[in-house]
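S.K.: Sequence and predicted structure are below.
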Amino acid sequence: MTKLYSLITIVCVGFGIIMCHPQFYSLVPNSMKVPYTCPGAGPNDTFPRIGHWPNLFERNPFGKSFSHNWTEICDLDPDNDNRTSGEELGDPGCQWIQNDVSTHKYIIEAASNPGIPEVLIDGKYVVMDEFRDRACPVVFFLF
Ligand SMILES: [Ca+2]
């Protein structure tokens, strides 16, 4: 039985390490408050793992373009939906600096996901039709 628990522990820890990178969350503004933009999303639903498609291991365009330096990626539009990552994550002027709290006042609410192409419909960003199968699976991992 001990071997079974050890195996489960190893699998879970390994899976967790592969599936998420919590150390990166503090490197971009609003990383934990990215709205879930799939059809049927509630007003307070968020999109976890903004650098990945909600499948297993594949990084989305934002994850592929990621840099530890926000100022290098803020002005980019890796998901090609005509808005910069800064605009999507609530830093339209690219003024946010992680360790400078005086810059945090410039942050507004995140409107969409910088790694998933979205379009504005009736005042709300929604995943583009052609990406819904990939971005909005029936089941996905919440970490
Ligand atoms: Ca987007």
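M.R.: Ah, there it is. As the structure is a computational prediction, the values presented were derived from the model and not from experiment.
S.K.: in this protein, which spans are strands?
M.R.: Applying DSSP state E to the chain gives strands spanning 118-121, 124-127.
S.K.: Mean neighbour count, those: which tops it?
M.R.: strand 124-127 (a mean of 19; mean count of other Cβ atoms under 10 Å). Placement of C-beta: from N, CA and C, glycine included.
S.K.: just to revisit the earlier point, right, and the strands of the chain - which one's nearest residue 72?
M.R.: strand 118-121 (22.5 Å; Cβ to Cβ).
S.K.: Sheet partners, orientation included, of the closest one?
M.R.: With DSSP bridges as the test, strand 118-121 is paired with strand 124-127 (antiparallel).
S.K.: Would you format the strands of the chain as TSV with mean pLDDT included?
M.R.: Converted to TSV, those look like this (pLDDT from 0 to 100):
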stretch	mean pLDDT
strand 118-121	96
strand 124-127	95
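S.K.: Between the two ends of stretch 32-48, how far is it?
M.R.: 7 Å (Cα to Cα, to the nearest Å).
S.K.: got the contact list for it?
M.R.: Outside stretch 32-48, the residues that touch it by Cβ atoms under 8 Å, 6 or more residues apart in numbering are 20, 25, 50, 54, 88-89, 109-114, 116, 118, 124-127, 132, 135-136, 141-143.
S.K.: Can you give me the buried ones in it?
M.R.: 34-38, 41, 46-48 (16 or more other Cβ atoms under 10 Å).
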